[in-house]
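S.K.: coords below, sequence missing:
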């Protein structure tokens, strides 16, 4: 017979002791969580406070000592550079210290003298850039503002990247894109080639282009590409335009009109553009004379050519958001509308506007988009729209195609935006126009996937890719968009974030979630076959198995184990071990 269990004594918790007053008022420590982890950082903070040290929760101008763990001097310097206050290049920053200084100070009960072995600092040249080793290799690891110091150099490399993509050379395109992205993240102008020594992604070709630009102001190779008929025609017909490369202060007249006007077609795949070039089609006028080659969406774009070829400004975006929010709120109280795309990254102008729609209660968003579209139609707001249903049931096919596009329900619209009479459009008065046509993408996401969708749609041209699919005949007889065989180059930050996830963390990231492919399938109870993943938008394929190099993950239980929960974009960065970069710092 077992002895009776003793009743557990319930102790009244003692009141928490207040943290002692700071014994060293001239010292303020900031513990960087980069490699330390949240729980360890909290423990070290309590330890320091108990010994009278002052520890700040957030980094600011008061910080005198930054303590890091398992961080190199170059990484520490890059971390500090991304947080340097604007307009204070000469300001003295805090000491960057290894964790050893902190532990020795805790043992001594007071701050120990900072020695060379404690410091995480690299030598900075007197002229030019800081040490090249400061630049981290992935664009998602470094802040990249909208305006930077090397516009002419980065645009030259982007021209070569674009030309390479027109020729189908994805490798060369990525090489030039990565080099251009590095230039955008540098803290000062490049004036000598030696400043590029040791920077990541700068090969012989990119260095040769930069050297020629620095010495002569132009690069013969770049100018030859820009002046070639093929490049100009492909650029007219393709998704990207010179308008997208304009600085926020550039005037629309600086962009060739044919490039702006062709943007109404919302983008064309490279193969289609090449075919049209071979057929002798060079301008929008050429396309207008060949109506049999155009889809309904293209014809709608040509019908509103003047409006859709002009840039959308911030006031237009705000007016559009009010229209969408009113329709969404009336259709489903509590639903939210979030601006995405380039405007969320700080752009003041663009060619289309992206909105993500969700509801705090999972499942309430189902059927919402149809009600919103009906309301907008009744108000006369929608001139044209192409609806794409939720393709979660086709996600298996998407992953087999190695597709980077998501499967959310969406509608590609042309809105009729009311305008004040006499509104100037590209310098000309239009006293008779009371509205203008604007491209708008409406995307509906479940709340559980919203952070991933927001991350993807903030830094990706996926909307333009899908517009291209709809525009250029990639429509099945059922009216459902066909699946492209490969992605059409997502925005560089998003591409680098996915590459970092895969190569450095062994995880798979897309607009539906973050997954660990190394988890092994869990058999269904009783040996029963696992249900299909048709209704699961978090479907993932594991590389390295199966005839096509992948293996279907077929257990919902396993999916639950492999998917990382995130309530915000910050959570996604934290799962990947990355410092969070706000949208305005993702203009890579």
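M.R.: Nice, I can see it. Not measured: the values here are computed from a predicted model.
S.K.: low-confidence ranges, the stretch 451-588 of the chain, go.
M.R.: Counting by pLDDT under 70, the stretch 451-588 of the chain contains low-confidence residues at 460-490, 519-562.
S.K.: let's see 50
M.R.: 460-489, 520-561 (pLDDT under 50).
S.K.: same question for the stretch 1-150 of the chain.
M.R.: 8, 10-18, 86-88, 123-133.
S.K.: what about 70?
M.R.: For the stretch 1-150 of the chain (pLDDT under 70), the answer is 1-20, 84-92, 121-134.
S.K.: the helices in it, which residues?
M.R.: 38-50, 73-81, 99-108 (DSSP state H, counting those that start in this stretch).
S.K.: to residue 364, which of those lies closest?
M.R.: Among the helices of the stretch 1-150 of the chain, helix 38-50 comes nearest to residue 364, with 31.8 Å by Cβ to Cβ. (Each C-beta comes from the backbone N, C-alpha and C, glycine too.)
S.K.: and for that closest one, what's in contact with it?
M.R.: Contact partners of helix 38-50, identified using Cβ atoms under 8 Å, 6 or more residues apart in numbering, comprise 19, 20, 29, 31, 33, 36, 55, 69, 102, 106.
S.K.: show me what the longest helix belonging to the chain packs onto, helices and strands only.
M.R.: Using DSSP state H to define each element, the chain has its longest helix at helix 314-331. Secondary-structure packing of helix 314-331 (3 or more Cβ pairs under 8 Å, 6 or more residues apart in numbering; DSSP states H and E): strand 336-339, strand 352-358, helix 368-378, strand 409-418, strand 435-444.
S.K.: redo those as a markdown table? Include mean neighbour count, mean pLDDT and distance to residue 287.
M.R.: What follows is the helices and strands packed on helix 314-331, written out as a markdown table (neighbours: other Cβ atoms under 10 Å; pLDDT from 0 to 100; distance: least, Cβ to Cβ, whole Å):
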| stretch | mean neighbour count | mean pLDDT | distance to residue 287 |
| --- | --- | --- | --- |
| strand 336-339 | 18 | 98 | 32 |
| strand 352-358 | 24 | 97 | 20 |
| helix 368-378 | 17 | 97 | 28 |
| strand 409-418 | 22 | 94 | 17 |
| strand 435-444 | 23 | 95 | 18 |
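S.K.: sorry, back to before: buried deepest among the helices of the stretch 1-150 of the chain, which one?
M.R.: Sort the helices of the stretch 1-150 of the chain by mean neighbour count, taking mean count of other Cβ atoms under 10 Å, and helix 73-81 sits at the top with a mean of 20.
S.K.: which helices and strands sit right next to it?
M.R.: On a contact count with 3+ Cβ pairs under 8 Å, 6+ apart, helix 73-81 meets strand 65-68, strand 95-98.
S.K.: can you list contacts of the last one?
M.R.: To tie it back to what came earlier, the one meant is strand 95-98. By Cβ under 8 Å, 6+ apart, the residues outside strand 95-98 that reach it are 64-69, 71, 73, 76-77, 80, 114, 117-121.
S.K.: if we use 6 Å, what do you get?
M.R.: Contact with strand 95-98 is made by 65, 66, 67, 76, 114, 118, 120, 121, as judged by Cβ atoms under 6 Å, 6 or more residues apart in numbering.
S.K.: who's the residue lying closest to the fifth one once chain neighbours are set aside bridged to?
M.R.: What it means is residue 114. Nearest residue to residue 114 in three dimensions, chain neighbours excluded: residue 95, at 5.9 Å (Cβ to Cβ, 6 or more residues apart in numbering). Beta-bridge partners for residue 95, by DSSP bridges, are residue 65.
S.K.: so what's the residue count around residue 95?
M.R.: Residues near residue 95, counting by other Cβ atoms under 10 Å, number 16.
S.K.: got the phi and psi for the nearest residue to residue 294 once chain neighbours are set aside?
M.R.: Nearest residue to residue 294, sequence neighbours excluded (Cβ to Cβ, 6+ apart): residue 287, at 6.6 Å. Note on residue 287: its backbone torsions stand at phi -70, psi -40 [degrees, to the nearest 10].
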